[in-house]
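Participant: Next comes the sequence, and after it the predicted model I'd like to discuss.
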Amino acid sequence: MTQKDFNGRLSIIFLFFLVLFFCVLIRLYLLQVLDQQFYLQLGTEQYGTEVIMQPARGLIYDRKKIAVVHNTEVNSAFVVPNQLQEADALKSWLACSYPSVFERMMENQKSKFLWVDRSVSDESIDTLAGLGLADLLYLKEPQRYYPLACMAPIIGFTNIDNVGIAGVELLFQGRLGGKSATFKLNRDAHSGGFYFTKELVHKGIAGKPVVLTLDTQLQFLAHEELEKTVQEFGAKKGAVIILDPYTGEILAMASVETPDSSTSEGMVDSIKNQPITDCYEFGSVMKAFTALAALEEGLVTNDELIDCHGDTYVLQGLRVTNPFHAEVLPFIEVMKKSANIGLAQIALRLGPKLYDHLAKLGFGKVTGIAFPGERAGYLGKPTQWCRFTPMVMSFGYEISATLLQLAHAFAIVSNGGFSIEPQLYLVPKPKRIKQPVRLYKPKAIAAIKEILEHIGSKYPISGYTVLGKTGTARCVKDGRYSTTDHIYTFGGLIESEKYHRVIVTSITCTNETNKARRWASQVSAPLFHTIAQKMVLIERNH
């Protein structure tokens, strides 16, 4: 072969590879430049999907900025129906283990995302991973954690999607939940289901905090002592409120209910915020406000002698019975002995004015605390009364109220007769807080406090003045007043020169025998006393 022939062949080979190089170069240009979006989309469809998730919820704090809820992350399992690699194996497993998920997937096999299981424990995730299903994928999503059971009826809870559905979580869903974010989930084809990266597509807005007026220490104290009392008396339920009568701030609001696990309603009742959602006829504790009304109107004085007529007396056609034998007594003793006959006579002097005063004290309308499920109770207008109503109402029947309304009324007595608005939130602040208005003259407030101190002296606390009133009432059952179901209530004030607190307690007992009948002085009053003693120690040390 001549040198010329060799060079010619070499040139042909060179040209061949040069053309091949340019073909490859053109192909790369087509793939990476002209067709870039097509292949990016193809890759995304094969190894990526999008999911909308809530950002971290805002925390809820007590008045001392102690977090009463926490955010955590949980494992969840999902599939991407339009990207299945081993469809038969997955479908067979889903049909057996998660039939409802299988049905949803078969209805929409082009779906880009489908939950299989949510909030799965680490142990369960390990078990699922051990199945070796390439199409079963996992990610972590946010969830609420509630460490304090005593706060549950107030804080409420979130659902599986971390959206508030009860209590403060529901009321402030917009504030706590923020705005959802969109994430793109990308999987490395060689790393299996656990190695997803999360890329933010649309940024959400983080939730903002809510600060409660509650004090965690006082809340725990109230709940603990309430639980002990409920267990001691085999009670159905009980509730406690501790309130600052000058600011209206609720420092503790505890609920305990023995759940009836046989019904779903029973389980729901066990997490209700009773002081706001449950209404009762509280009985003799309401006598404090009948007395206040009469004192304000100048219709009675504490030293006026009232004939209580022994045990039973028919007053304007109504048979009225005293809980204890009582004859002629000064009005202050009528109140201490809780003599129904004596109070009924005072109520007749008031007539329709009794309604005016009870309405002024906040009964028959919501307090405006802004909490889901708050009830207004019942206070009938005088046009709806029968001739017995003022007498019956004077000792706590034909009027129903929440424990919060009762605490609100006692707070007006404690703060010197000024209006207040109960508060549960420090942040966000209420849009408008009305200036206090004097509702009762100082003379009337001093007189009712003298009466309540006369009763409260039975429950002394060193260094403080204790004022209070008991109430024992029959509960309505099957449309009639029960002889076996009672509610025991105590409304109390703890005062010193610079310290004022309202504590109201209630215990509801059912199926009691007549032989075992008790009084509020034996049930709710000791609960008040125990909480008050420990409360002043806690607050004195802080």
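Facilitator: Sure, I can see it. Residues are numbered from 1 along each chain as shown.

Participant: Go through this protein and flag its longest strand.
Facilitator: Ordering each strand of the chain by length in residues (DSSP state E) puts strand 480-495 first.

Participant: which residues touch the nearest residue to A344 once chain neighbours are set aside?
Facilitator: Closest residue in space to A344, ignoring its immediate chain neighbours: M391 at 3.8 Å, by Cβ to Cβ, 6 or more residues apart in numbering. In this view, the C-beta of every residue, glycine as well, is placed from N, C-alpha and C. Residues in contact with M391 (Cβ atoms under 8 Å, 6 or more residues apart in numbering) are 315-316, 318, 320, 344, 347-348.

Participant: what mean pLDDT would you report for the helix or strand M391 falls within?
Facilitator: Secondary structure from DSSP states H and E places M391 in helix 389-394. The average pLDDT within helix 389-394 is 96.

Participant: and the end-to-end length of stretch 232-247?
Facilitator: The straight-line separation of the ends of stretch 232-247 (Cα to Cα, to the nearest Å) is 34 Å.

Participant: what's the spacing between it and its chain's center?
Facilitator: When distances are taken as Cα atoms, centre = their mean, to the nearest Å, stretch 232-247 is centred 15 Å away from the chain's centroid.

Participant: And for stretch 136-155?
Facilitator: 15 Å.

Participant: any idea of the pLDDT on A87?
Facilitator: 91.

Participant: got it, and the one 4 residues further on?
Facilitator: Model confidence at K91, expressed as pLDDT, equals 92.

Participant: just checking, it is part of a helix?
Facilitator: Yes. Under DSSP: H, G, I helix; E, B strand; the rest coil, K91 falls within a helix.

Participant: Pull the contacting residues for it.
Facilitator: Shown in contact with K91 (Cβ under 8 Å, 6+ apart): 102, 105-106.

Participant: pLDDT below threshold where in the stretch 51-200 of the chain?
Facilitator: 51, 185-200 (pLDDT under 70).

Participant: what are the ranges of the strands in it?
Facilitator: All strands of the stretch 51-200 of the chain, identified by DSSP state E, counting those that start in this stretch, fall at 60-61, 70-79, 114-120, 137-145, 157-158, 164-166, 181-187, 196-202.

Participant: Among the ones you listed, which comes closest to Y355?
Facilitator: strand 164-166 (34.7 Å; Cβ to Cβ).

Participant: Check which helices and strands that closest one sits against.
Facilitator: With contacts taken as 3 or more Cβ pairs under 8 Å, 6 or more residues apart in numbering; DSSP states H and E, strand 164-166 sits against strand 157-158, helix 173-177.

Participant: how about the helices in the stretch 301-450 of the chain?
Facilitator: For the stretch 301-450 of the chain, the helices defined by DSSP state H, counting those that start in this stretch occupy 331-336, 340-350, 353-360, 389-394, 403-414, 442-456.

Participant: Scan the helices and strands of this protein for the one with the lowest mean pLDDT.
Facilitator: Here the helix or strand of the chain ranked lowest by mean pLDDT, DSSP states H and E is helix 264-269, holding a mean of 50.

Participant: ok, the closest residue to D135 other than its chain neighbours to P99 distance?
Facilitator: Sequence neighbours aside, L90 is the residue nearest to D135 in space, at 4.6 Å (criterion: Cβ to Cβ, 6+ apart). For L90, the distance to P99 equals 13 Å [Cβ to Cβ, to the nearest Å].

Participant: One more: A239?
Facilitator: Applying Cβ to Cβ, the value for A239 to P99 is 43 Å.

Participant: the more surrounded of these two?
Facilitator: More crowded of A239 and P99, by other Cβ atoms under 10 Å: A239, with 30 against 10.

Participant: quick revisit: for the longest strand of the chain, could you pull out the residues that count as buried?
Facilitator: 485-495 (16 or more other Cβ atoms under 10 Å).

Participant: and L20, how many residues sit next to it?
Facilitator: The number of residues near L20, taken as other Cβ under 10 Å, comes to 10.

Participant: that's a strand at it, yeah?
Facilitator: No. Judged by three-state DSSP, L20 forms no part of a strand; its state is helix.

Participant: Can we start the residue count at 750 from this point?
Facilitator: Yep, numbering from 750; the last one is L769 now.

Participant: ok, it - contacts?
Facilitator: Not one residue lies near L769 by Cβ under 8 Å, 6+ apart.

Participant: Same list (the buried residues of strand 1229-1244) but as a markdown table, adding pLDDT and distance to V1083.
Facilitator: A markdown table is the format used below for the buried residues of strand 1229-1244 (pLDDT from 0 to 100; distance: Cβ to Cβ, whole Å):
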| residue | pLDDT | distance to V1083 |
| --- | --- | --- |
| D1234 | 93 | 27 |
| H1235 | 95 | 23 |
| I1236 | 96 | 23 |
| Y1237 | 97 | 21 |
| T1238 | 98 | 19 |
| F1239 | 98 | 19 |
| G1240 | 98 | 18 |
| G1241 | 98 | 20 |
| L1242 | 98 | 20 |
| I1243 | 98 | 25 |
| E1244 | 97 | 23 |
